[in-house]
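> Here is a sequence together with a model predicted from it:
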Amino acid sequence: METCADVLIIIDLQNGVCYDNEHLFGLDKLLAKTNERISLYRKLNKPIIFVQHCDEDLVPGEEPWAIHAELDVQAQDLLIRKIHANSFYKTNLQEVLDQLNVQRIEFCGAQTEYCMDATIKFAHGLGYHNLMVKNATSTLNNSFMSAEDTICFYEKMWSHRYLEFIQDDN
């Protein structure tokens with residue numbers, strides 16, 4: 001059986017993040033990979049949490065704030081709103097994870113060097129065993145590195161320090 005955690009957390013795969021003047025690097029592959037992971041968790045009756053960032057550009061209820069339409073969001077999924085890169089900051093995420101008796105978290109989402117990095121490191125510091133499928137995160141090009149190089153850099157930094165990469169059949 002394919003490896004999975006106690007919960008799948010999908011961070012900021014919202015319209016305004018996926019399409020901020022340009023598409024996230026490898027967006028179609030990221031959405032497909034995320035849906036594959038969602039499908040596995042549904043098959044195993046494990047919880048799925050969608051985290052949505054809220055700010056002046058991502059206003060709750062407006063189109064940029066909405067979760068990308070290609071993702072399989074269902075009524076039983078849990079939704080967390082955040083205002084900071086760290087998904088735990090001033091949210092009830094930790095309480096939800098405690099209620100679900102979570103020890104192992106699988107992450108996917110955006111943006112690699114911001115919300116993904118902050119949340120993964122904070123979760124590690126709280127004692128969670130973090131998992132991720134390779135390339136299950138994305139970002140945009142920046143003035144220092146291409147999006148592809150940024151993802152590679154962070155995946156190398158996270159590996160065996162802050163999370164464990166699990167095998168993906170793709």
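Happy to help now that I have it. Numbering: from 1, shown residues only.

> contacts, neighbours, all on C-alpha from now
Fine.

> now this protein, which segments are flagged as low pLDDT?
Scanning the chain for pLDDT under 70 picks out 1-2, 20, 168-170.

> That one: strands as residue ranges?
7-11, 19-20, 22-23, 48-53, 78-82, 104-110, 129-133, 137-138, 164-166 (DSSP state E).

> Next, the buried residues of stretch 83-90.
Of the residues in stretch 83-90, 84-88 count as buried by neighbour count, 16 or more other CA atoms under 10 Å.

> what distance separates it from the centre of its chain?
In terms of CA atoms, centre = their mean, to the nearest Å, the centre of stretch 83-90 is set 13 Å apart from its chain centre.

> ok, residues contacting it?
Under the criterion CA atoms under 8 Å, 6 or more residues apart in numbering, residues 51, 53-55, 82, 93-94, 114-116, 118-119, 122 lie in contact with stretch 83-90.

> at 10 Å instead, please
If you take CA atoms under 10 Å, 6 or more residues apart in numbering as the criterion, stretch 83-90 is touched by 9, 11-12, 51-55, 58, 80-82, 91, 93-95, 111, 113-123.

> With that, I have no additional questions.
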